[in-house]
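In: Below are the sequence and a predicted model; questions follow.
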Amino acid sequence: MGKRKLAVFASGSGSNFEAIAEGCRSGAIVDAEVVLCVCDRPGAKVLERAERFGVRSFVFSPKAYATKSDFEREIADLMDSLGVELVCLAGYMRIVGEELLGRYGGKIVNIHPALLPAFPGAHAIKDAFEYGVKVYGVTIHEVDATLDGGRIISQVAVPYEGGDIEELEAEIHKAEHKLYVETINKILA
Ligand code: GAR
């Protein structure tokens, strides 16, 4: 049997992309490979990481398309042609639309740097830090039409009582990389 094929969507640094690609390479994610990196920000650092791992990238500017469905159709067609079985959102800062949900619904997962349903949105770590929580965390969930709202698949708590947000971010990212690799491996098993 061939390897299971993953697509990873990212908008920024791509540290989670790298954790997943490395997880496939090392065998921590068994019998799987990342066949596509989808990125909506030309110049994002994730593209360098994809190149380093020899992963094909599809990079696009949303503004160049009339509607979300137009670029999502192109992405879904490409994923169909590559035989993608699981879509992993990893810092893809965009709500998934009806075209992708219609064609890949139930096969899209997202990672969020908070214990959902607390602190949804694009600035979860900062929001939780400013709120003054003592236990932070990471959530992996199914993606549906709501913002950070689909069924929860896995979570891990990250206790932190210090005052250094950069140190906190580093702790949360470390927890993300471990949880995403373990969770993807379980989903595929
Ligand atoms: C990660 O912390 C991820 O959980 C977050 O963006 C970061 C991307 O980092 N996603 C969200 O906030 C989604 N609402 P990375 O590019 O280094 O993987």
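Out: Alright, I've got the coordinates.
In: who are the neighbours in contact with A19?
Out: The contact partners of A19, taken as CB atoms under 8 Å, 6 or more residues apart in numbering, are 176-178, 180-181. Using the backbone N, CA and C atoms, a C-beta is placed for each residue, glycine as well.
In: Could you dump those into a markdown table and include secondary structure, distance to the ligand and pLDDT?
Out: Formatted as a markdown table, these follow (DSSP: H, G, I helix; E, B strand; the rest coil; distance: CB to the nearest ligand atom, whole Å; pLDDT from 0 to 100):
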| residue | secondary structure | distance to the ligand | pLDDT |
| --- | --- | --- | --- |
| E176 | helix | 6 | 98 |
| H177 | helix | 8 | 98 |
| K178 | helix | 13 | 98 |
| Y180 | helix | 9 | 99 |
| V181 | helix | 12 | 98 |
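In: Take those and lay them out in CSV including neighbour count.
Out: Output for those, formatted as CSV (neighbours: other CB atoms under 10 Å):
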residue, neighbour count
E176, 24
H177, 20
K178, 15
Y180, 24
V181, 19
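In: hang on, G102 in a helix?
Out: Yes. Assessed by DSSP: H, G, I helix; E, B strand; the rest coil, G102 belongs to a helix.
In: what's around it, how many residues?
Out: Counted by other CB atoms under 10 Å, the residues lying close to G102 total 11.
In: Use 46 as the first number from now on
Out: From this message on, residue numbering opens at 46, which makes the last subject G147.
In: That one and the ligand: what is the separation?
Out: As defined by CB to the nearest ligand atom, to the nearest Å, G147 lies at a distance of 22 Å from the ligand.
In: Y181 and E206 touch, don't they?
Out: No. Using CB atoms under 8 Å as the test, Y181 is too far from E206 to be in contact (10.2 Å).
In: I156 touches V226, doesn't it?
Out: No. In this structure, I156 is not within contact of V226 by CB under 8 Å, at 10.7 Å.
In: Any residue of stretch 178-188 touching the ligand?
Out: No. Stretch 178-188 lies out of reach of the ligand by CB under 6 Å from any ligand atom, never closer than 7.0 Å.
In: Apart from its neighbours in sequence, what residue is nearest M138?
Out: S56 (4.4 Å; CB to CB, 6 or more residues apart in numbering).
In: in which helix or strand would I find the closest residue to V75 other than its chain neighbours?
Out: Among residues not flanking V75 along the chain, N230 sits closest, at 6.1 Å (CB to CB, 6+ apart). Assigned by DSSP states H and E, N230 falls within helix 210-233.
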